[in-house]
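Chemist: Generate coordinates for the sequence data below:
(one chain, ligands or ions: 2)
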Amino acid sequence: MSAGKDRGAAPVVVASDVRMGYNGVQVLNGVNLTVAPGEVSCIIGPSGSGKSTFLRCVNGLEPVLGGSLRVLGEEVGHTLRDGRYHPWTPKEFAAFRRNIGMVFQRFNLFAHQSALENVACGPVHVLGMSQDRARTLAMEHLDRVGLADHAHKRPHQLSGGQQQRVAIARALAMKPTLMLFDEPTSALDPELVDEVLEVMKGLAAEGMTMVVVTHEIAFAREVGDRLTFFADGVVVEEGRPRDLLAAPEHERTRAFLSSVQ
Ligand code: ADP
Ligand code: MG
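Modeler: Ligands and ions are numbered 1, 2, ... in the order given. So this is what the prediction gives:
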């Protein structure tokens with residue numbers, strides 16, 4: 001169990017019958033999922049089942065076309081005012097996203113910048129922090145992910161695991177309330193997976209609210225509070241990781257688990 005869990009507080013994510021599609025092709029067919037503050041919510045499911053799309057909706061990067069998606073107390077994409085829904089302006093989207101850190105399978109670091117500059121960049125350019133303050137903060141975050149000694153290196157001088165830890169530090173430097181991870185270890189050589197999972201485990205222990213799309217079943221079992229199985233754009237089943245992994249109710253879940261374990 002994570003340190004900061006507070007089941008009495010308002011949920012961080014409430015997805016109710018969320019629908020989304022690309023060019024008329026439905027991808028999310030009514031997703032229902034709730035994430036409580038401090039919870040580590042793991043999502044598994046076959047490729048193409050809509051996991052990334054769902055994370056992108058939570059982050060406001062894709063429009064929700066049906067149902068309701070409330071994140072950090074707001075209906076993503078619009079505000080109810082004077083009895084009418086007003087679509088967010090780009091500025092309102094940007095303000096919303098500032099609270100959410102996202103870590104991708106590919107690290108998306110700036111190739112021409114050092115690890116330190118990659119981490120300091122957001123606080124300077126988005127939060128308006130001074131260079132000095134941002135660099136001090138960036139050093140603290142790099143230290144937190146075990147990379148203080150590599151702060152001056154550029155991405156190509158770092159291993160995949162180190163690059164992914166820089167990406168996590170970069171997200172944390174923005175002081176997010178919610179962290180989204182989209183298969184953060186899928187692109188890594190097997191021997192580099194654990195160092196990234198250890199950083200995520202540390203974050204979970206500190207009480208960070210996290211939604212983690214992953215194929216790392218052992219991580220989900222050990223660190224996850226909830227485990228959700230996606231298929232065909234819906235939640236097939238969800239539960240406590242240990243329960244769901246030990247006794248999946250649906251044949252679809254059983255088949256998937258036997259393919260990844
Ligand atoms: P997952 O992350 O579970 O593998 P995705 O959310 O990436 O699944 O994709 C779900 C479906 O949506 C897939 O069929 C994929 O081809 C389609 N899709 C994803 N992104 C786009 C896009 N930008 N444009 C059109 N179709 C997309
Ligand atoms: Mg994906």
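Chemist: Low-confidence ranges, the stretch 1-150 of the chain, go.
Modeler: Residues of the stretch 1-150 of the chain meeting the criterion pLDDT under 70: 1-8.
Chemist: rerun at 90
Modeler: 1-9, 24, 80-83, 85, 106-108 (pLDDT under 90).
Chemist: could you pull out the strands for it?
Modeler: Ranges of strands within the stretch 1-150 of the chain are 13-22, 25-35, 40-44, 66-71, 74-75, 78-81, 84-87, 100-103, based on DSSP state E, counting those that start in this stretch.
Chemist: Closest to the centroid, which residue in the chain?
Modeler: residue 180 (0.8 Å; C-alpha atoms, centre = their mean).
Chemist: Contact partners for that one?
Modeler: Residue 180 sits next to 55, 58, 59, 100, 101, 102, 103, 210, 211 when contact means C-beta atoms under 8 Å, 6 or more residues apart in numbering. Any C-beta I mention is one placed from the backbone N, CA and C, and that applies to glycine too.
Chemist: so can I have a markdown table of those showing neighbour count and distance to ligand 1?
Modeler: Output for the contacts of residue 180, formatted as a markdown table (neighbours: other C-beta atoms under 10 Å; distance: C-beta to the nearest ligand atom, whole Å):
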| residue | neighbour count | distance to ligand 1 |
| --- | --- | --- |
| 55 | 22 | 8 |
| 58 | 25 | 12 |
| 59 | 21 | 13 |
| 100 | 23 | 17 |
| 101 | 25 | 18 |
| 102 | 20 | 13 |
| 103 | 23 | 14 |
| 210 | 26 | 17 |
| 211 | 27 | 13 |
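Chemist: Up against ligand 2, what does the stretch 1-150 of the chain have?
Modeler: 51, 52 (C-beta under 5 Å from the ion).
Chemist: go again using 8 Å as the cut-off
Modeler: 47, 51, 52, 53, 55, 105 (C-beta under 8 Å from the ion).
Chemist: what's the closest of those residues to ligand 2?
Modeler: Comparing those against ligand 2 with C-beta to the ion places residue 52 closest, at 3.2 Å.
Chemist: neighbours around the closest residue to that closest one other than its chain neighbours, how many?
Modeler: If the residues on either side of it in the chain are set aside, residue 52 comes closest to residue 182, at 5.5 Å by C-beta to C-beta, 6 or more residues apart in numbering. Burial of residue 182, expressed as a neighbour count using other C-beta atoms under 10 Å, amounts to 21.
Chemist: Same check on the one 10 residues further on?
Modeler: The burial count assigned to residue 192 is 18, neighbours taken as other C-beta under 10 Å.
Chemist: Confirm for me that it is in contact with residue 160.
Modeler: Yes: counting by C-beta atoms under 8 Å, residue 192 touches residue 160, with 5.4 Å between them.
Chemist: hmm, back to that, doesn't the residue nearest to the centre of the chain belong to a strand?
Modeler: Yes: under DSSP: H, G, I helix; E, B strand; the rest coil, residue 180 falls within a strand.
Chemist: for the record, mean pLDDT for the helix ranked longest in the chain?
Modeler: When the chain is parsed with DSSP state H, its longest helix is helix 190-205. Averaging pLDDT along helix 190-205 yields 95.
Chemist: same thing with stretch 152-165?
Modeler: Rounded mean pLDDT across stretch 152-165 is 97.
Chemist: List the buried residues of it.
Modeler: Of the residues in stretch 152-165, 153, 154, 155, 158, 160, 161, 162, 163, 164, 165 count as buried by neighbour count, 16 or more other C-beta atoms under 10 Å.
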